[in-house]
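Asker: Generate coordinates for the sequence data below:
(2 chains)
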There are 2 protein chains.
Amino acid sequence: MVASEIRALFAVASRPEVVSLAGGMPYVTALPLDLIGELIADLVARRGPTALQYGSGQGDPHLREQMCEVMRLEGIEADPSDVVVTVGSQQALDLITRIFIDPGDVVLAEGPSYVGALGTFAAYQADVVHVAMDEDGLDPAALAETIETLTRQGRRIKFLYTVPNFQNPAGVTLSLARRREVLDVCNRAGVLVIEDNPYGLLGFDGDPLRALRADDADGVIYLGSFSKTLAPGFRVGWALAPHAVRDKLVLAMESAVLSHSSFTQLAVGQYLATQPWREQIKSFRELYRERRDTMLSALEQLMPDGCSWTRPAGGFFVWMTLPQGLDSKAILPRAVAERVAFVPGTGFYADGQGAAHMRLSYCYPEPDRIREGVRRLAGVIEQEMLVHETFGTGTTPGRAGVQTPGPDLA
Amino acid sequence: MVASEIRALFAVASRPEVVSLAGGMPYVTALPLDLIGELIADLVARRGPTALQYGSGQGDPHLREQMCEVMRLEGIEADPSDVVVTVGSQQALDLITRIFIDPGDVVLAEGPSYVGALGTFAAYQADVVHVAMDEDGLDPAALAETIETLTRQGRRIKFLYTVPNFQNPAGVTLSLARRREVLDVCNRAGVLVIEDNPYGLLGFDGDPLRALRADDADGVIYLGSFSKTLAPGFRVGWALAPHAVRDKLVLAMESAVLSHSSFTQLAVGQYLATQPWREQIKSFRELYRERRDTMLSALEQLMPDGCSWTRPAGGFFVWMTLPQGLDSKAILPRAVAERVAFVPGTGFYADGQGAAHMRLSYCYPEPDRIREGVRRLAGVIEQEMLVHETFGTGTTPGRAGVQTPGPDLA
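Answerer: So this is what the prediction gives:
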């Protein structure tokens, strides 16, 4: 399948009768919409001349203070002057890649990794090298080895891109012990770390984990976002960067869009200032925990032997591995015909791996729909296994490679 | 002066006692803020789950229809499927440059040209070649000659960037007769035209002029914006592009930011659907016409002999030429000390020209402040002329080159 076919397929998958386990859309319907509407009306009436005007390239100073307050929940002590507000953290990724990458430079990333990041790295002709991960996240020994090998080959490694918490797509989390090791490995090798953390506050057990950036202000660029803790429709994310990078980011930001929307920045700021946002995040956590539980128990009960999957402690995603011989990309059209959608694993690798995997998201559908979706998917996989056992092959394998994500795959 | 000095200077210039004739900020205070606040509250309450969610990379379909309706005022018949919504038209410029430009490629642009576009072209290492313009806009004969010369030199010309209406910074408008000629020259040479038109509906005399795009759907990418006709704080602009380019733009958009803010797109759409937007634009025209009149009559009465300036028929800007020997960049610190600010002409050229010019904007200050600003500026220029006559030189000439614009210089 090529990108246009994927698009056509997801157009079908967006029909109401299809259970989509594909999208990464947060369940914004749970927000107090009337209240948010009112506070924005109040904002425009009182501060319209500022909210509707051009803002600065770096972003609203008060919002940047609030972003530091949010990051403090993960142990980060930051100065608002080191924060740059971006059009979602996707734009931060784009600007950072623009600043650092020359064609052929290496970017290290977990295997699998976030499809939107892979697309951006590809757009700037970076060469993504995947590093092994397991249920405790990125493997520091594998990281060290990969860096050593690449360095011996004379390759130029520009940065490590990592999603340490409830990773997209694998759903796994980098353990605390490994965080120190990953930083040590990168510091020794002089490799910058891009810590992309949209899901960090959406953990189901205990307090948020300490960020990598909390222990290394010079070697880490931290990316934050309100897309999952509030709403993606504002497109408000941020980068916290060392001084020299911060200056370059502001210049790149101005060149790219002049400035982010004052209106959405002030709307988010007003929300944070007047609403119990910590409680809202807590209620999102409860909601997603229930859906995670539903998905895991449905998988346990319904999936045929030979399938395995990760058990996320937060965030939106389960990463499933198919029985040997099955190809998730080839299965997708059949699944959509059976009214269930997922994202094939190949989209999350830059090098053609991933056919044995699929990403299942539980963030958006209601619990009974999640269960129904898993039931339908289990039926399709059983059918494929039968075909494979009988004829020695499944449906024709799909083509490999990165597709652009499409916003609903964020 | 280097970029950081310019920034420091404009920080001083933003103090209330300074009359800023520098910024390109529209006078959003004239908008019906209460009404806009209410319609957005209503939008969030009724359509929150859509407004707060991810949208498509191409942009909201209904808004794209409305954009076509706006363009119809300039004679453009367009299909909404050829429109891509962007984060201001600045982002459209950025994405187009990203798609078309390899380092060393030539971009043709009026001399002077919009500072934000020059900054973006520079960021992608395009080589900007300026084409002469006069009070009727870009000179088609000079354009043909420039293309011929460059072609003979084996240079690769990627596109012509032009602001045909009430140009930023020169305030001049491409005459109707010349529009056909410019298209002919570009068509013959196979040079794409980027028509950047943020001010087209803000003309003071009669109907909007027919857009270049209205007579050439294949050879022109048209950029529109609501920043000047509604408010820049939404950051809603668009590109209307030929099919093949449209597809590339959507992919580049997704790679850069996934999607624009659904919230601001729907807010603008709701405004257009429920408010008398044509009347609002008319009232903006009246407001800016009065300010233009005030500035022109103040210049006439107060500026010393030897100064000359353009007489804009719309938009925000007057372009002033200083008496021989004076350097606008060198004058700026003195002007700011006398509590008036402008943008030196050098920012609007990629090649170090422009020291003899300055951009004066009348869009933001109230009329009595415009008059006072011109009075102060006239005093500074008289003083500089005196120094120049006495010592044969003015203040030390400033350094040339493009600075990044800073959003308030848009």
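Asker: How about A:L377, nearest residue that isn't a chain neighbour?
Answerer: Sequence neighbours aside, A:V340 is the residue nearest to A:L377 in space, at 4.9 Å (criterion: C-beta to C-beta, 6 or more residues apart in numbering or on different chains). All C-beta atoms are positioned from the backbone trio N, CA, C, and that covers glycine.
Asker: For that neighbour, give its distance to B:E65.
Answerer: When distances are taken as C-beta to C-beta, to the nearest Å, A:V340 and B:E65 turn out to be 33 Å apart.
Asker: who's more crowded, these two?
Answerer: Taking other C-beta atoms under 10 Å in any protein chain shown, A:V340 and B:E65 do not tie; A:V340 has more neighbours (26 against 16).
Asker: Only the buried residues of stretch A:365-374, if you could.
Answerer: Of the residues in stretch A:365-374, those with enough neighbours to count as buried (16 or more other C-beta atoms under 10 Å in any protein chain shown) are A:365, A:367, A:369-374.
Asker: likewise stretch A:190-203?
Answerer: Within stretch A:190-203, the residues that qualify as buried by neighbour count (16+ other C-beta under 10 Å) are A:191-203.
Asker: so what pLDDT did A:R399 get?
Answerer: Looking at A:R399, its pLDDT reads 45.
Asker: At the contact with chain B, which residues of the stretch 151-300 of chain A appear?
Answerer: Taking C-beta under 8 Å from any C-beta of the partner chain as the measure of proximity, the stretch 151-300 of chain A contacts chain B at A:227, A:231-235, A:251-252, A:254-264, A:267.
Asker: thinking again about what came up before, so which of the buried residues of stretch A:365-374 would you say is closest to chain B?
Answerer: Using C-beta to the nearest C-beta, the shortest approach to chain B within those belongs to A:P365, at 13.8 Å.
Asker: How about that closest one: what's its closest non-neighbour residue?
Answerer: For A:P365, ignoring the flanking residues on the chain, the nearest one in space by C-beta to C-beta, 6+ apart is A:V19 at 5.8 Å.
Asker: Does A:L39 touch A:V268 like I think?
Answerer: No - with contact defined as C-beta atoms under 8 Å, A:L39 does not reach A:V268; the gap is 10.5 Å.
Asker: Give me the more crowded residue out of those two.
Answerer: A direct count of neighbours by other C-beta under 10 Å for A:L39 and A:V268 places A:V268 higher, at 24 against 18.
Asker: Can you name the residues that contact the more buried one?
Answerer: Listed by C-beta atoms under 8 Å, 6 or more residues apart in numbering or on different chains, the contact set of A:V268 reads A:63, A:226, A:230, A:234, A:236.
Asker: Find the pair from these with maximum spatial separation.
Answerer: By the measure C-beta to C-beta, the contacts of A:V268 have their two most distant members at A:L63 and A:L230, which lie 12.1 Å apart.
Asker: which residues are common contacts for these two?
Answerer: Residues within reach of A:L63 and of A:L230 at once, by C-beta under 8 Å, 6+ apart, are A:236, A:268.
Asker: For the two, work out which one has more neighbours and name it.
Answerer: A side-by-side neighbour count of A:L63 and A:L230, using other C-beta under 10 Å, places A:L63 first with 27 against 24.
Asker: my guess is that one contacts A:V85, does it?
Answerer: Yes - the criterion here is C-beta under 8 Å, and A:L63 meets it with A:V85 at 6.3 Å.
Asker: Give me the common contacts of those two.
Answerer: A:236, A:265.
Asker: Between the two ends of stretch A:222-241, how far is it?
Answerer: From its first residue to its last, stretch A:222-241 covers 7 Å (C-alpha to C-alpha, to the nearest Å).
Asker: and what of stretch A:219-231?
Answerer: For stretch A:219-231, the separation between the terminal residues is 29 Å (C-alpha to C-alpha).
Asker: Kindly report the same for stretch A:323-334.
Answerer: Using C-alpha to C-alpha, the span of stretch A:323-334 from its first residue to its last is 17 Å.
Asker: Point out where the stretch 1-150 of chain A drops to low pLDDT.
Answerer: Counting by pLDDT under 70, the stretch 1-150 of chain A contains low-confidence residues at A:1-7.
Asker: Let's see that with 90 instead.
Answerer: In the predicted model, the stretch 1-150 of chain A carries pLDDT under 90 at residues A:1-16, A:23.
Asker: At the contact with chain B, which residues of it appear?
Answerer: With C-beta under 8 Å from any C-beta as the criterion, the stretch 1-150 of chain A meets chain B at residues A:25-26, A:28-29, A:31, A:33-34, A:36-38, A:40-45, A:48-57, A:87-88, A:90-91, A:94, A:116, A:119-120, A:123.
Asker: Of the residues you listed, grab the buried ones for ChimeraX.
Answerer: Written as a ChimeraX command, the selection of buried residues from the residues of the stretch 1-150 of chain A next to chain B, which uses 16+ other C-beta under 10 Å, is:
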select /A:25,26,28,31,33,36,37,38,40,41,43,44,45,48,49,50,51,52,53,54,55,56,57,87,88,90,91,94,116,119,120,123
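Asker: Which ones among the residues of the stretch 1-150 of chain A next to chain B lie within helices?
Answerer: The helices in this structure, assigned by DSSP state H, contain A:33-34, A:36-38, A:40-45, A:48-51, A:88, A:90-91, A:94, A:116, A:119-120, A:123 from these.
Asker: hang on, the earlier thing: show me the contacts for the residue nearest to A:L377.
Answerer: A:V340 touches A:18-21, A:373, A:376-377, A:380, counting by C-beta under 8 Å, 6+ apart.
Asker: At which residues are the helices of the stretch 201-350 of chain A located?
Answerer: Applying DSSP state H, counting those that start in this stretch to the stretch 201-350 of chain A gives helices spanning A:243-257, A:262-274, A:277-302, A:328-337.
Asker: can I get the ones you listed in a markdown table with mean pLDDT?
Answerer: Conversion of these to a markdown table gives the following (pLDDT from 0 to 100):
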| stretch | mean pLDDT |
| --- | --- |
| helix A:243-257 | 96 |
| helix A:262-274 | 98 |
| helix A:277-302 | 98 |
| helix A:328-337 | 94 |
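Asker: May I see those helices arranged in JSON lines, with distance to B:S283 as well?
Answerer: Written out in JSON lines, the entries for the helices of the stretch 201-350 of chain A read as follows (distance: least, C-beta to C-beta, whole Å):
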{"stretch": "helix A:243-257", "distance to B:S283": "28"}
{"stretch": "helix A:262-274", "distance to B:S283": "21"}
{"stretch": "helix A:277-302", "distance to B:S283": "39"}
{"stretch": "helix A:328-337", "distance to B:S283": "51"}
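Asker: now the residue nearest the centre of chain A, nearest residue through space, not along the chain?
Answerer: Centrality entry for chain A: nearest residue to the mean C-alpha point is A:N168, 4.5 Å, by C-alpha atoms, centre = their mean. In space, not counting the residues next to it along the chain, A:N168 is nearest to A:Y114; the distance is 4.8 Å by C-beta to C-beta, 6+ apart.
Asker: how much space is there between A:E69 and A:L272?
Answerer: As judged by C-beta to C-beta, A:E69 and A:L272 stand 8 Å apart.
Asker: Which one's more surrounded, these two?
Answerer: The residue with more neighbours, out of A:E69 and A:L272 and counting by other C-beta under 10 Å, is A:L272; that gives 19 against 12.
Asker: State the pLDDT value of A:D408.
Answerer: 45.
Asker: same deal with A:S361?
Answerer: According to the predicted model, the pLDDT of A:S361 comes to 97.
Asker: which ones are touching it?
Answerer: Here A:S361 is in contact with A:21-24, A:316-318, A:343 (C-beta under 8 Å, 6+ apart).
Asker: so which of those residues is the most crowded?
Answerer: Counting by other C-beta under 10 Å, A:V343 has the largest number of neighbours within the contacts of A:S361, with 31 neighbours.
Asker: Can you give me the distance of that residue to chain B?
Answerer: From A:V343 across to chain B, the span is 15 Å (C-beta to the nearest C-beta, to the nearest Å).
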